[in-house]
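In: Next input, structure requested:
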Amino acid sequence: MKHRFTIIAALVLSLSATQLAFSREVGEAVAGWGEQVRAAQAHYRLREYDQAVVAAKKSLELAEENGGPDDLAIALSLNSLAMSYQAQKKYAEAESLYQRALAILEKEKGPEHASVVKILNPLAELYRAMDREQDAEPLERRAARIDAIQR
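Out: Below you'll find the model as predicted:
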């Protein structure tokens, strides 16, 4: 089951947020995880951040129960939770979640993989919101370099 969960999580990471929001297969394949991820993203888009946090926490719990510590589903759940915390201006919480998600993606996919950009850019935005330009700029340059390599 854990191997199947990792494969599905890898597929989800390759989808855009819009595609993920409408993907029913993922939620059916992994006992509610995809449903919770989609719910978190839907609440986020509606600016219902408290509900987004609840759904993202549930997706993280399910990911941790069904996958290993470096499972890609955990990275996606961490990213969803971090985005909601960032929207609530809970910057310290968001930062640690983005960093954990980034570490998982770098370990599992490699530091130059396109999915890493999906964490680098929001983390850079977070640093800008925190007036930490010196931390944001290297992340933005790295994201741009990875994007250029992927094209």
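
In: what about the residue lying farthest from the centre of the chain, which helix or strand?
Out: Going by C-alpha atoms, centre = their mean, the residue of the chain most distant from its centre is Gln134, 23.0 Å out. For Gln134, the host element (DSSP states H and E) is helix 133-150.

In: And Ala101, by the same measure?
Out: Ala101 is part of helix 91-109, with elements assigned from DSSP H and E.

In: what's the answer for Leu123, then?
Out: Going by DSSP H and E, Leu123 is part of helix 114-129.

In: do the same with Val53
Out: Counting by DSSP H and E, Val53 is part of helix 49-66.

In: Packing partners of that helix?
Out: For helix 49-66, the packing partners by 3 or more C-beta pairs under 8 Å, 6 or more residues apart in numbering; DSSP states H and E come out as helix 2-13, helix 33-45, helix 72-87. All C-beta atoms are positioned from the backbone trio N, CA, C, and that covers glycine.

In: Roughly how far does the residue farthest from the centre of the chain sit from Glu140?
Out: To Glu140, Gln134 is 12 Å away according to C-beta to C-beta, to the nearest Å.

In: What of Lys107?
Out: For Lys107 relative to Glu140 (C-beta to C-beta), the value is 22 Å.

In: Tell me which of those two has more neighbours.
Out: Each of Lys107 and Glu140 has its neighbours counted (other C-beta atoms under 10 Å); Glu140 has more, 17 against 12.

In: The more buried one is in contact with Glu125, isn't it?
Out: No - using C-beta atoms under 8 Å, Glu140 makes no contact with Glu125, being 9.2 Å away.

In: Just the pLDDT for Ile8.
Out: The predicted structure scores Ile8 at 43 on the pLDDT scale.

In: sorry, back to before: for the helix holding Ala101, give the mean pLDDT please.
Out: Averaging pLDDT along helix 91-109 gives 97.

In: How many residues are close by Asp135?
Out: Neighbours of Asp135 under the rule other C-beta under 10 Å: 15.
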